[in-house]
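K.L.:
A predicted structure for the sequence below; I have some questions about it.
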Number of protein chains: 2
Amino acid sequence: MSLGQSPTPTECGACDARHIGLCDALSNENLESLAHVAQRIFVPAGKAFIEEDSKASHFYNLSRGNVSIFKSLADGRRQITGFIGAGHFLGHADSGNYRFSAEAITDVRLCRFDRAALANEFIKFPDLKSRLLEIVTHEMLSAQEQMLLLGRKTALERVASFLSSWAKQSGACQTQNSDQTILLIELPMSRGDIADYLGLTTETVSRSLSQLKRNGLIDFHNARNVTLLDAFRASNSPHIDLAQQLARA
Amino acid sequence: MSLGQSPTPTECGACDARHIGLCDALSNENLESLAHVAQRIFVPAGKAFIEEDSKASHFYNLSRGNVSIFKSLADGRRQITGFIGAGHFLGHADSGNYRFSAEAITDVRLCRFDRAALANEFIKFPDLKSRLLEIVTHEMLSAQEQMLLLGRKTALERVASFLSSWAKQSGACQTQNSDQTILLIELPMSRGDIADYLGLTTETVSRSLSQLKRNGLIDFHNARNVTLLDAFRASNSPHIDLAQQLARA
DNA sequence: CGGGACTTTGAGCTTTCTCAACGATGGTGG
DNA sequence: CCACCATCGTTGAGAAAGCTCAAAGTCCCG
């Protein structure tokens, strides 16, 4: 696979992101125009590729792997504001500089667009701009959801909400066990990353997961692979108070 | 002033919002086209005018007063995700329904746009859509800033950050005292609203404000009018750790 | 098979919350 | 115009959730 070069039509066709995110707004022929201003980039796990406050020179479309978006305070406290998966777009800025950092969680492949060149594409293809507006609107509303979590939910509720939303976002695999329907989810990020996303400490995340397991809502033998059991989905329904149910258990 | 009707050119010209937000993207003549699909609405203090999960039928442009945007949990816990002032735009949705509620803090005047009609204006005036993209992008990035506050800052830091950002957002008045430059800010919202915005309780907000006052960073004799003193700006600079400084004091 | 990083668990502590009382403020009706 | 009442804000004391520090367990990966 070519790296540092524009993706070929074949590559675009094979990209995990072809039918989500920004690229989905374009026909195959128009996609080629977009591809001309893109470069394929590889970022190894653990490496940052956007630094907060640096010049906002590019947009990125993630074609494979997972990325965390975060902000930091001077003393090192860190808040992850989102986990991004294949097909998703990042690099929004409202001034000349990025207002967040981004780091590869797993090995990552992405398409990098020069900002000015992409602006031209937006003029050529108004649908692209509409799509971007939809994307940003969705991100903004999700951010409000996360504020509710950070400001008002208990540790247990945060962890449960996270599992539930990650299951959706990552397209968890649903399988039929002997006696129940379970949802297998894979967590590419560490407990520390989850903690930084949920405004907790690693220890509290670990304890909350253990409690969910003790109470028969989830199961795991390995930190990165969790299964959501029937009871989890039931307790996560809006009609039931998770904390209350667990207090009873 | 006409209510429930489209604003006249004179009214638009006199509107506090004319040169901010969405309307600023249009010339006077194009503004008239936009005005045709708008209705002037009055909402008294304390009244909600957007209900979470209700049909997303309108956009709103606030011309006077202040509004809070919030989300609630079933048991009544509430998270205010933003305070909106004159000139600002609200009503974004990524599905058929609103994902937040909105309530007037003070008496409020706003322009209400039918969603479908506004979509037509977006087609007629592409600049309008670009402007909306800028607005939403800014909101999304501000939301990330707030996540950092909610997830990682102490109560004292949250209150200080809030005062500082509200001073900017509301255009606080700066005056020269005998010995220092002070910033007068007016808080239209209650302590309870501030608490719901910062993920704290009323009591903790009150205690934090009292502590900032005891330490000579702010002053107030009246709950709704606060002045930021020199020491506040100094301690709020990125180079100084607020908590550390107050521990010393 | 060994070492480093990650995860889990435990014990004690800190911050913030809860509950309660008191004080201030603003609006209303006598 | 004043007194009263309701609401809002402040302060205090005790409780609780989550954090810190510490140690033991687990999992990769070489």
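P.N.:
Noted; the coordinates are in hand.
K.L.:
Grab the nearest non-local neighbour of the residue of chain A found nearest DNA strand D.
P.N.:
Using CB to the nearest atom of the strand, residue A:204 is the residue of chain A that sits closest to DNA strand D, at 3.2 Å. To be clear about C-beta, it is placed using only N, CA and C from the backbone, and glycine gets the same treatment. Leaving out its chain neighbours, the residue that sits closest to residue A:204 by CB to CB, 6 or more residues apart in numbering or on different chains is residue A:155, at 5.1 Å.
K.L.:
Report the contact partners of that neighbour.
P.N.:
A:198, A:200, A:204, A:205, A:207, A:208 (CB atoms under 8 Å, 6 or more residues apart in numbering or on different chains).
K.L.:
Verify the contact between residue A:144 and residue B:100 for me.
P.N.:
Yes. Applying CB atoms under 8 Å as the test, residue A:144 and residue B:100 come out as touching, 6.0 Å apart.
K.L.:
Now the common contact residues for the two.
P.N.:
Joint contacts of residue A:144 and residue B:100 (CB under 8 Å, 6+ apart) are B:69, B:71, B:81.
K.L.:
Could you confirm the first one falls within a strand?
P.N.:
Yes. Residue state for residue B:69 (DSSP: H, G, I helix; E, B strand; the rest coil) corresponds to a strand.
K.L.:
any idea how far it is from residue A:139?
P.N.:
16 Å (CB to CB, to the nearest Å).
K.L.:
which stretches of chain A form helices?
P.N.:
A:9-14, A:28-36, A:115-124, A:126-152, A:155-169, A:191-198, A:202-214, A:230-236, A:242-248 (DSSP state H).
K.L.:
Give me the neighbour count for residue A:117.
P.N.:
14 (other CB atoms under 10 Å in any protein chain shown).
K.L.:
Isn't it up against residue A:39?
P.N.:
No. Assessed by CB under 8 Å, residue A:117 is found out of contact with residue A:39, at 10.3 Å.
K.L.:
Just name the shakiest helix or strand of chain A by mean pLDDT.
P.N.:
helix A:242-248 (a mean of 60; mean pLDDT, DSSP states H and E).
K.L.:
Comparing residue B:69 and residue A:139, which shows the higher neighbour count?
P.N.:
Comparing residue B:69 with residue A:139 by other CB under 10 Å, the one with more neighbours is residue A:139, at 25 against 21.
K.L.:
who are the neighbours in contact with that one?
P.N.:
Contacts of residue A:139 by CB under 8 Å, 6+ apart are A:82, A:92, B:140.
K.L.:
what does residue A:167 give?
P.N.:
Per CB under 8 Å, 6+ apart, neighbours of residue A:167: A:183, A:185, A:228.
K.L.:
wait, which of those residues is closest to chain B?
P.N.:
Among those, residue A:228 lies closest to chain B (CB to the nearest CB), at 20.6 Å.
K.L.:
circling back to that earlier point, my read: the residue of chain A closest to DNA strand D touches residue A:195, true?
P.N.:
Yes. With contact defined as CB under 8 Å, residue A:204 reaches residue A:195; the gap is 7.0 Å.
K.L.:
Between these two, point out the one with more neighbours.
P.N.:
Shown here are residue A:204 and residue A:195; by other CB under 10 Å, residue A:195 has more neighbours (23 against 17).
K.L.:
any idea how far that one lies from residue A:68?
P.N.:
Distance, residue A:195 to residue A:68, by CB to CB: 12 Å.
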